[in-house]
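S.K.: Here is my input; please provide its structure:
(one chain, ligands or ions: 1)
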Amino acid sequence: MRGSAGVLLVLAAAAAVLVGAIVGQQALRPAESEPLLASTAEPAAELSSAMDLPEGALRGSDGSGMQAPLPALTAMPAPAGGATAAPVFMAAATARPTATPLLTRVPKPTLSGPRRVGIQAGHWLTQNAPPELRRLLTQTGTSWNGINEVTINLDIAERLKEILEPQGIVVDVLPTVIPPGYLADAFVALHGDGDGTGANSGYKMAFSARRTPHEAALMDAIKAHYGAATGLPYDQFRISNQMRGYYAMAWTSNKWSTAPHTPSVILEMGYVSHDRDRDLMLNRPEVVAGGIAEGIIRFLETHPREKLFGQDLIVQLPAPRTPTPRN
Ligand SMILES: [Zn+2]
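M.R.: Model prediction:
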């Protein structure tokens with residue numbers, strides 16, 4: 001009996017540590033001043049089916065780089081302490097304080113072979129969007145003086161592939177609809193901006209909540225090298241919730257998104273509507289692609305696979321929507 005009591009004590013202590021860690025994480029991350037798209041996602045109950053993908057759905061021809069369909073999400077309380085020895089960490093928690101947290105564990109993935117990077121050319125092949133993503137069909141990208149953003153995005157994506165692959169990094173140039181649960185060492189969505197006036201200039205970056213602890217490092221690495229290479233200002237005051245809730249990173253509400261373990265960021269490279277920014281992206285694309293590539297390489301150097309994929313993720317899911325009573 002003494003043995004059982006001891007085990008119980010250990011379990012209780014471990015549970016307390018885990019809960020403390022989660023509470024601490026929440027305390028460290030003040031509530032977002034603006035709601036994230038992810039927090040207005042479908043109710044958790046619907047997520048399980050959304051994540052249950054047909055076997056082999058939309059995989060690459062060789063299956064590489066594509067994670068097996070994610071396991072169905074299981075909404076569960078904080079795992080009983082001591083149940084697993086592996087350390088866990090938690091992606092950003094944004095639930096309202098009164099809501100009972102719904103946590104899910106995302107098992108650590110396995111990715112073998114060379115380092116792999118997904119570069120999404122924003123708006124490329126948007127016409128292939130499935131019915132679930134039909135809202136994207138009208139988002140064809142900005143344009144100015146006959147220059148379309150998608151042309152720039154695709155050109156830079158292909159240049160990145162040309163720069164990174166000789167370094168031994170496999171690059172997937174991805175369209176609007178990315179493979180479900182896309183797994184890679186890094187994912188960067190490329191876009192260009194437009195303000196309709198030609199006044200604004202600069203580049204912007206963002207990542208979503210409910211992801212890995214490594215997004216900030218990926219963003220900072222690209223931000224630093226991109227800024228230095230291009231000389232563009234960082235337009236931090238116009239970063240939108242649309243960027244933070246970017247659909248291709250919002251795995252809790254969209255299956256055509258990166259796997260939760262894939263460090264994922266979006267980069268608005270500059271304003272297509274601004275003369276200097278547009279000139280840079282059109283006429284010095286090697287500078288644009290070079291800056292992004294340097295940031296990605298720096299991130300990969302400091303983030304080996306063991307660091308990226310060595311732990312399960314414990315993620316707080318969006319609170320289920322309360323049905324609005326009629327009358
Ligand atoms: Zn765009």
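S.K.: any low-confidence regions in the stretch 101-250 of the chain?
M.R.: Scanning the stretch 101-250 of the chain for pLDDT under 70 picks out nothing.
S.K.: Now it against the ion: closest residue?
M.R.: Nearest to the ion, among the residues of the stretch 101-250 of the chain, is His191, at 3.5 Å (CB to the ion). Using the backbone N, CA and C atoms, a C-beta is placed for each residue, glycine as well.
S.K.: I'd say that residue and Ile266 touch.
M.R.: Yes: between His191 and Ile266 there is a contact under CB atoms under 8 Å: 6.6 Å.
S.K.: Quick check: residues of the protein near the ion?
M.R.: 122, 141, 191 (CB under 5 Å from the ion).
S.K.: Just the buried residues from the residues you listed, in ChimeraX please.
M.R.: In ChimeraX, a selection of the buried entries from those looks like this (16 or more other CB atoms under 10 Å):
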select :122,141,191
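S.K.: Quick check: can you list the domain ranges of this structure?
M.R.: As given by automatic domain parsing, the domain ranges for the chain are 2-107+308-316, 116-304.
S.K.: For whatever helix or strand Ile292 lives in, give the mean pLDDT please.
M.R.: With elements taken from DSSP states H and E, the one containing Ile292 is helix 285-302. Across helix 285-302, pLDDT averages out at 98.
S.K.: which residues are contacting that helix?
M.R.: Helix 285-302 is contacted by residues 115, 117, 152, 155-156, 159-160, 162-164, 167, 169, 185-186, 188, 190, 217-218, 221-230, 263, 267, 269-270, 280-281 when judged by CB atoms under 8 Å, 6 or more residues apart in numbering.
S.K.: Give me the subset of these lying in helices.
M.R.: Residues of the contacts of helix 285-302 located in helices (DSSP state H): 152, 155-156, 159-160, 162-164, 217-218, 221-230, 280-281.
S.K.: Excluding covalently adjacent residues, which one is nearest to Gly198?
M.R.: Ser273 (5.0 Å; CB to CB, 6 or more residues apart in numbering).
S.K.: Before I go, just wanted to say thanks for your time.
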